[in-house]
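A.B. asks: I would like to see how this sequence folds:
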Amino acid sequence: LVDGVESRGTNENGTAYSVPLEAVSEVRVDTTTYSAEFGRALGGITQVATKSGTDQFHGTGTEFLQNADVNANSWQNDRNSIAKAPFQQNRYGANIGGPIKRNKTFFFFNYEALRQGAPAQVLGTVPTDLQKSGDFSQTLDAKGEKDIVYDPLTTYASSTSSGYARSPFPNDAIPASRLNSISQNVLKFYPEPNRPGQGSANINNFFMSGKSILNTDNYLARIDHYINAKNRIYGRYGFTPYRSYANLPGSATNPTAPGYAYAAQSVASDPGTAAMISVLTTFTPTLLGEARLSYTRLQYNTYPVAQHFNVGSLGFGPNVTNYVGYGQFPAISVDTYATGGGLAVTGAASTDFDSLGGATRTYTPMDTWNLNYHFTWIKTRHNLKFGTDDALMRSFLYNSQYSAGQYIFDRTYTQGPDPLSTTLAGGNGLASLELGVPVSGTLTITNPLYLWQKAYALYVQDDYRVTNRLTLNLGLRWEYITPYAEKHGQI
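C.D. replies: Numbering: from 1, shown residues only. The predicted structure is shown next:
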């Protein structure tokens, strides 16, 4: 809770707005048996009160700077003979508070920012031009043996343990007439190797270093106004823009570069908003009342760099394109053997080559309107609190998942000579991709959900001081939270 009102997301554990450290006036944490004033929480309640202005002007400024000059290189970089990547972090802020009208109206404003740049490195295995053309005559396995690609159309009855066998492609090369046109378009999104590969299998033949950028701001403004001796009003507004991304060169105008389809990246834009207004009335010296109205919004918005990609440009027909709800690059996996398929081979990596695509869109804004009215009544040894606490909670849920399709290619259709027997040098996931024979595929159709629910609560709390050494904390709270409803009746 911030200033007594909600700061949580509707259906997430996240906080819609975090008060900057220099704007915090008071923090209180209640665990286990907290007051009946609070509800819809398990484990404890954290309360934060924000600062207000005074009759004097006050301000502070802060700065914290860190960079790569004093940082050691990572173990992984040293192992692969890669130079230290850049890193910068700059956290700074300032605040000021004071009177607008002395003894009457006051303001407080706080600003905090973070600018961070961390390494965004891509080290992986990409196919050579020879392999892209279907020629595996120079492809070796981890032991230095030639990788043999078998033709799935040559499967015939045999005396092998499975009863079947396959013949290899002549010269270990797939004829151009057998190369799938969609696969040939997909392969264009692999970057060219730019470093010598490691070992006989020529792994880790591509490297690129960029910067992972995180920019956040945090604004908080508060105004307090004393109407008269018995009435006071104040309002607060907080906003936190948030943006995280990697500055790899991949883009719609440079799709073959890392960050677009290969080493697919996403951009996260997750702003948070919190606003509230409070009216405090002193009815008598022992009876106080406070009305609060607040609004919070927590938004998770992550989208791929390749958003709005047209899968039809790869050659997919209307039987696929008509069902793509959100345009993104399809997820293409080139595995040794698909996870969960029950097949594996000793000494081989889990993938023959790095995957393409896979970054998805997640959009889940959540907002909460919270209205409550509280009375505090001090009567002899009783400190009574009672009131109402009502909320309207709304959320929009969408995840594109595999809206453009997920296609997994492994050695199953190109291994041999026994088509049901795995060998270190038999088959290749890239060859299966070039033939256009995935071992599995998925296309998800996801409809967004517009959810809402209401919460009502009444409570009474009596902190009864029986003696100077004994206090009874007595409370009763009634709550009703409606079931979720969906705007278009989808649930």
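
A.B. asks: and residue 48, how far is that from residue 107?
C.D. replies: Distance from residue 48 to residue 107, counting by CB to CB, to the nearest Å: 19 Å. For every residue, glycine as well, the C-beta is placed using N, CA and C.

A.B. asks: and residue 187, its phi and psi?
C.D. replies: Dihedral pair for residue 187: phi -60, psi -20, per degrees, to the nearest 10.

A.B. asks: I'd assumed residue 436 was in contact with it.
C.D. replies: No: contact criterion CB atoms under 8 Å: residue 187 and residue 436 do not qualify, at 11.5 Å.

A.B. asks: neighbour count winner among the two?
C.D. replies: Set side by side, residue 187 and residue 436 show more neighbours around residue 187, with 23 against 18, by other CB atoms under 10 Å.

A.B. asks: element containing residue 319?
C.D. replies: Taking DSSP states H and E as the definition, residue 319 sits inside helix 318-321.

A.B. asks: may I have the beta-bridge partners of the closest residue to residue 369 other than its chain neighbours?
C.D. replies: Leaving aside its sequence neighbours, residue 369 sits nearest to residue 392 (CB to CB, 6 or more residues apart in numbering; 4.4 Å). Judged by DSSP bridges, the bridge partners of residue 392 are residue 369, residue 454.

A.B. asks: so, low pLDDT: which residues of the stretch 351-491 of the chain?
C.D. replies: Counting by pLDDT under 70, the stretch 351-491 of the chain contains no low-confidence residues.

A.B. asks: now do the contacts for the residue nearest to residue 106 when sequence neighbours are not counted.
C.D. replies: Spatial nearest neighbour of residue 106, chain neighbours left out: residue 53 (3.2 Å); criterion: CB to CB, 6+ apart. Listed by CB atoms under 8 Å, 6 or more residues apart in numbering, the contact set of residue 53 reads 97, 98, 99, 100, 106, 107, 108, 222, 223, 224.

A.B. asks: pretty sure the fifth one contacts residue 58?
C.D. replies: No: with the criterion set as CB under 8 Å, residue 106 and residue 58 do not qualify as a contacting pair; they are 10.9 Å apart.

A.B. asks: ok, those two, which is more surrounded?
C.D. replies: Neighbours were counted for residue 106 and for residue 58 using other CB under 10 Å; residue 106 has more, 22 against 12.

A.B. asks: residue 409: neighbour count?
C.D. replies: Using other CB under 10 Å, residue 409 is surrounded by 30 other residues.

A.B. asks: now do residue 259
C.D. replies: If we define neighbours as other CB under 10 Å, then residue 259 has 26 of them.

A.B. asks: could you say which helix or strand contains it?
C.D. replies: Going by DSSP H and E, residue 259 is not in any helix or strand.

A.B. asks: same question for residue 479.
C.D. replies: If you go by DSSP H and E, residue 479 is part of strand 470-481.

A.B. asks: contact partners for the nearest residue to residue 462 once chain neighbours are set aside?
C.D. replies: Nearest non-adjacent residue to residue 462, counting by CB to CB, 6+ apart: residue 474, 4.6 Å away. By CB under 8 Å, 6+ apart, the residues touching residue 474 are 461, 462, 463, 464.

A.B. asks: so which of the contacts of residue 53 belong to strands?
C.D. replies: With strands taken from DSSP state E, the overlap with the contacts of residue 53 comprises 97, 98, 99, 100, 106, 107, 108, 222, 223, 224.

A.B. asks: closest one to residue 427 out of these, please.
C.D. replies: The closest of those to residue 427 turns out to be residue 222 (CB to CB; 66.2 Å).
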